[in-house]
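*Asks:* Here you go, sequence then predicted model.
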Amino acid sequence: MTISKLDALVEKGTDTIKKTLKRSVGLAGVVIISLSAMLPGIFVTPTFAAEIMGAGIWL
């Protein structure tokens, strides 16, 4: 398959998706996305601090 045929096939597929899927995010979706982005930082940041400071950081 040549590049131009592949490009045409991909473009046709994206046009179909654009026609069938509606983009919409409500307030609840925004809150959930925001929380899911913030929560891992709460658990990951102390691990970096413990690696640098050693076990004494928990005292």
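*Replies:* Yes, it's here.
*Asks:* the helices in the chain, which residues?
*Replies:* 3-20, 27-53 (DSSP state H).
*Asks:* any idea which of these scores lowest on pLDDT?
*Replies:* Per-stretch averages of pLDDT across these put helix 3-20 at the bottom, with a mean of 75.
*Asks:* Put the alpha carbons of that helix into CSV.
*Replies:* Only the C-alpha atoms of helix 3-20 are listed here, as CSV (Å, rounded to 0.1, in the frame of the first residue of the first chain):
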residue,chain,number,x,y,z
ILE,A,3,1.6,6.3,1.4
SER,A,4,-1.0,8.3,-0.5
LYS,A,5,-3.5,5.4,-0.3
LEU,A,6,-2.7,5.0,3.4
ASP,A,7,-3.2,8.7,4.0
ALA,A,8,-6.6,8.6,2.2
LEU,A,9,-7.7,5.6,4.3
VAL,A,10,-6.7,7.3,7.6
GLU,A,11,-8.4,10.5,6.6
LYS,A,12,-11.6,8.6,5.7
GLY,A,13,-11.5,6.9,9.1
THR,A,14,-11.0,10.2,11.0
ASP,A,15,-13.9,11.8,9.1
THR,A,16,-16.1,8.9,10.1
ILE,A,17,-15.1,9.2,13.7
LYS,A,18,-15.7,13.0,13.7
LYS,A,19,-19.2,12.4,12.4
THR,A,20,-20.1,9.7,14.9
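*Asks:* okay if I get the helices of the chain as TSV plus mean neighbour count?
*Replies:* For the C-beta atoms, the positions are set from N, CA and C on the backbone; glycine is no exception. Supplementary listing: the helices of the chain in TSV, determined by neighbours: other CB atoms under 10 Å:
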stretch	mean neighbour count
helix 3-20	9
helix 27-53	10
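*Asks:* how close does the residue nearest in space to the middle of the chain get to Gly13?
*Replies:* Geometric centre of the chain, nearest residue: Ala37, 7.9 Å, by CA atoms, centre = their mean. Summarising the geometry, the distance separating Ala37 from Gly13, computed by CB to CB, to the nearest Å, is 29 Å.
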